Structure formats: structure tokens, C-alpha cells
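Colleague: sequence and computational prediction follow.
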Amino acid sequence: MTFSILDITSNGINLKLVMHEFKLTQNLLDLALKRANAKQIRRVNLLIGPFSDDREESIRFYWKDLAKGSLGEGAKLHFEHTPVEMKCLDCTGTFYLDDETSMCRFCDSERVQSLSGEDVRLESIEVE
Ligand SMILES: [Zn+2]
């Protein structure tokens, strides 16, 4: 399960993200429960892009709610940050985003898209 939001510069993206958080957390929980094979989940390891602190908070928040009464209740959520891969729309070069600039490394274009930055992925779980 991956959520790709390609155009990180488009307006309304934040609203879109918020609406997705709940569903995203539900999907992550479902996936974790499936993998847990009826065992109590102790820890969930998730991969998330950088600059996603707010999203971490919402996922934790929704998880608490959604996992109540299930084997996912009380599981520790661990977030691992992954680099965001960007693609230039002008020269099609790909590179990793850093704090300094979001322009293309190769041609200085500002027309770049995120290939992976908004994804949250379930990497692994630990069960009792
Ligand atoms: Zn370029």
C-alpha cells in the first residue's frame, strides 16, 4: 500500500493529506493486523518521508483510536525517515531532496515532482 502524491507544490495539498491520514492509518492497521496473524502487535515500523512531523502525530492519534479493542492496541509506532526522491520535469533527472534547495540539481529547474516523499509504508511489525 502506497500513497503517492506527486505534485507537492499544488494548492490544497494539505487538506488532501489530512483527509487521507485517517484512511491511511486504517490501511496501515489492517495490513499490520494481517501480518500479525492473530498475535498481539508490540511494535510497528513505518517508513515515512522527511518533513512529516505533523503526519506522524496524526497517524499516532488515529492509530490509538482505530486500534482500540484490536491486537494493534498499545502497539508502539516507530517512524523511520526516508529521503524524498525528486524528478525534474524538464530534464527528467532524479535526485534526493535536501533542506537547501528543491531545484533540479542538473538544470536548476523549479519544475520538480516528488516521487516518494509523501508515502508512508509499513516496513515490519513485531509481535508477542
Ligand atoms: Zn532538470
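Modeller: Looks like it came in fine. Residues are numbered from 1 along each chain as shown.
Colleague: only the buried residues of the longest helix along the chain, if you could.
Modeller: If you go by DSSP state H, the chain has its longest helix at helix 13-36. The neighbour-count check on helix 13-36 (16 or more other C-beta atoms under 10 Å) flags 17, 20-21, 24-25, 27-29, 32-33, 36 as buried. Quick note: C-beta positions are derived from backbone N, CA and C, even for glycine.
Colleague: looking at these, which is nearest V112?
Modeller: L17 (18.7 Å; C-beta to C-beta).
Colleague: nearest to N45, of the buried residues of helix 13-36?
Modeller: A32 (9.8 Å).
Colleague: ok so, going back, helices or strands next to the longest helix of the chain in the packing?
Modeller: strand 41-48, helix 53-66, strand 120-127 (3 or more C-beta pairs under 8 Å, 6 or more residues apart in numbering; DSSP states H and E).
Colleague: by how many degrees do it and strand 120-127 diverge?
Modeller: Calculated by axes from the mean of the first three to the mean of the last three C-alpha atoms, to 10 degrees, helix 13-36 forms an angle of 30 degrees with strand 120-127.
Colleague: so the residue located most distally from the centre of the chain, which of the three states?
Modeller: Largest separation from the mean C-alpha position in the chain: C107, at 28.4 Å (C-alpha atoms, centre = their mean). Here C107 is recorded as coil under DSSP: H, G, I helix; E, B strand; the rest coil.
Colleague: pretty sure it contacts L89?
Modeller: No. Using C-beta atoms under 8 Å, C107 is not in contact with L89; the gap is 10.3 Å.
Colleague: which regions of the chain sit below the pLDDT cut-off?
Modeller: Low-confidence regions of the chain, defined by pLDDT under 70, span residues 1-19, 51, 99-100, 116-119.
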